[in-house]
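[1] got a predicted structure here, sequence first:
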Amino acid sequence: MNLSLKAGEFVCLLGPSGCGKSTLLRIITGLNTATAGTVFYRGQPLKGVNPYATIVFQTFALYPWLTVQENVEIALKARSVPPVERTERALKLIDVVGLDGFESAYPRELSGGMRQKVGFARAMAVEPELLCLDEPFSALDVLSAEALRGELMELWLNKAIPTKAILMVTHNIEEAVLMADRIVVMGKNPGHIVTELAVPLHHPRHRKDTAFQALVDKVYAAVAGQTKPEPEALGTAPGQPGLTRPLPHARLNAMAGLLEKLSEEGGRVDLYRMGSELVLELDDLLPLVEAAELLSFLTVREGDLLLTPLGEAYAQASILARKEIIAGRVLRLPVIGWIYETLQRDDDQRVAWNYFHDELQADFGDFTEQQLDLAISWGRHAELFAYDDGAGELYLES
């Protein structure tokens, strides 16, 4: 991928879970090393940690044995800033983020929003040119997140902080449209940039504005994409030439609920509206959509979910009829079909979990166990095969 950041920009990275957003952020800050390619900062290749960038993590990442002031000062201490100047800068920043009076408090005494403010103050203490944010509001409750977003935008727009650019990873599309000047949409398998969208709206932005909602809809469409042709979507079985595609991290009974909702709405619904009505974040909604796409229950077109005739039949079917439909569809998925055929060929129709894990390792690496657990869950749901936890074996249903 190629990505450029300019001074004065607030850029958001968006995309489905597992597309590499946080990894890219860590490579840009120098916390991870790129396996290929080069990161340039102001035209020079970056080696090691980027001294001009800081990062605010999703978790608060504070030292619990240090006070608020000490947590902020530690970033300056690491850069050999003299004690008097350290104290002066730390107190000023604590005041800027609205924590004046809590200098001597410990993290355990603070709310989630206050702890994340300490994280922001610590990141800004070294006066970074580039401020990187890794889903900084996702661990907060709705009201705290909204308040902290507003305070960060006030500091940024009023140039109350010396930061020249902000790069934020988020899974919240409304949050990206609310804050960013540019949105970079990523895809997965492998991680890549799908598209970039400028956000021409003036600040302050309002969620109910027609232009705001239209842009949110456009971003949803870019993230969800279009339904791929079946051979490309399904991939190949382990050991065969081509790409073995991972199963989406979705529960099939939750997918059934999505299809029922879609059927009630007449078979076509705007993806953004569906997410809002079901109160689902992007990382929760997209795997359900992807699962339904894989099983040919729905298609995605221009940001809309369209129920297929098979999906309508499934949504209206009885419990037993659904079992028959789902078994036929799940068995078409290469990984599950491969497990089923392996069990069929075995004399006892029982095969060790470890065998499947070892065979899938080359395709899924660190995510092998997660993928095998998903395959077992889907296979069980379809009553194709089951798992004996005591013996550590998969076996065919009688």
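    Received it, and whenever you're ready, just let me know what you need.

[2] what secondary structure does residue 123 sit in?
    Here residue 123 is helix, with the state taken from DSSP: H, G, I helix; E, B strand; the rest coil.

[3] name the nearest residue to residue 33, ignoring sequence neighbours.
    Nearest residue to residue 33, sequence neighbours excluded (C-beta to C-beta, 6 or more residues apart in numbering): residue 27, at 7.3 Å. In short, each C-beta sits where N, CA and C put it, glycine included.

[4] residue contacts, the one you found?
    Contacts for residue 27 were tallied using C-beta atoms under 8 Å, 6 or more residues apart in numbering; they are 33, 34, 39.

[5] then residue 65?
    residue 106.

[6] picking up where we left off before, skip ahead from the helix or strand hosting the residue nearest to residue 33 and say which helix or strand is next.
    Per DSSP states H and E, residue 27 falls inside helix 21-29. Sequence-wise, the next helix or strand downstream of helix 21-29 (DSSP H and E) is strand 40-41.

[7] residues in contact with the following helix or strand past that following strand?
    Moving toward the C-terminus from strand 40-41, the next helix or strand (DSSP H and E) is strand 44-45. The contact list for strand 44-45, computed with C-beta under 8 Å, 6+ apart, reads 38, 39.

[8] and strand 44-45, which strands flank it?
    Strand 44-45 sits in its sheet next to strand 40-41 (antiparallel), going by DSSP bridges.

[9] average model confidence for the partner strand?
    Averaged across strand 40-41, pLDDT comes to 94.

[10] which residues sit against it?
    With contacts defined as C-beta under 8 Å, 6+ apart, strand 40-41 is touched by 46, 50, 52, 53.

[11] now the contacts of residue 27 in JSON lines, with neighbour count?
    Formatted as JSON lines, the contacts of residue 27 follow (neighbours: other C-beta atoms under 10 Å):
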{"residue": "33", "neighbour count": "11"}
{"residue": "34", "neighbour count": "14"}
{"residue": "39", "neighbour count": "17"}
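
[12] sorry, back to before: from the chain's centroid, how far away is the helix holding residue 27?
    In terms of C-alpha atoms, centre = their mean, to the nearest Å, the centre of helix 21-29 is set 13 Å apart from its chain centre.

[13] rounded mean pLDDT for that helix, please.
    93.

[14] same question for stretch 276-291.
    Stretch 276-291 comes out at a mean pLDDT of 87.

[15] for it, the distance to its chain's centre please.
    12 Å.

[16] what do you get for stretch 38-47?
    26 Å.

[17] can you get me the start-to-end distance on that stretch?
    Across stretch 38-47, the terminal residues are separated by 9 Å (C-alpha to C-alpha, to the nearest Å).

[18] residues of it that come out buried?
    For stretch 38-47, the buried set under the neighbour-count rule, 16 or more other C-beta atoms under 10 Å, comprises 39, 41, 46.

[19] sorry, back to before: need the CA coordinates for the helix holding residue 27. PDB is fine.
    This file holds the C-alpha atoms of helix 21-29, laid out as PDB (Å, rounded to 0.1, in the frame of the first residue of the first chain):
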ATOM      1  CA  LYS A  21      -5.300  -0.900  10.700                       C
ATOM      2  CA  SER A  22      -3.500  -1.000  14.100                       C
ATOM      3  CA  THR A  23      -0.500  -2.800  12.600                       C
ATOM      4  CA  LEU A  24      -0.100   0.000  10.000                       C
ATOM      5  CA  LEU A  25      -0.300   2.600  12.800                       C
ATOM      6  CA  ARG A  26       2.400   0.800  14.800                       C
ATOM      7  CA  ILE A  27       4.600   0.500  11.700                       C
ATOM      8  CA  ILE A  28       4.200   4.300  11.100                       C
ATOM      9  CA  THR A  29       5.200   5.100  14.700                       C
END
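
[20] which elements pack onto the helix or strand harbouring residue 272?
    Here residue 272, judged by DSSP H and E, is contained in helix 271-278. Under the contact definition 3 or more C-beta pairs under 8 Å, 6 or more residues apart in numbering; DSSP states H and E, helix 271-278 sits against helix 210-224, helix 252-264, helix 282-294, strand 304-307.

[21] redo these as CSV? Include distance to residue 130 and mean neighbour count.
    Formatted as CSV, those follow (distance: least, C-beta to C-beta, whole Å; neighbours: other C-beta atoms under 10 Å):
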stretch, distance to residue 130, mean neighbour count
helix 210-224, 23, 19
helix 252-264, 38, 17
helix 282-294, 25, 23
strand 304-307, 37, 21
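
[22] that's all I had, so thanks and see you.
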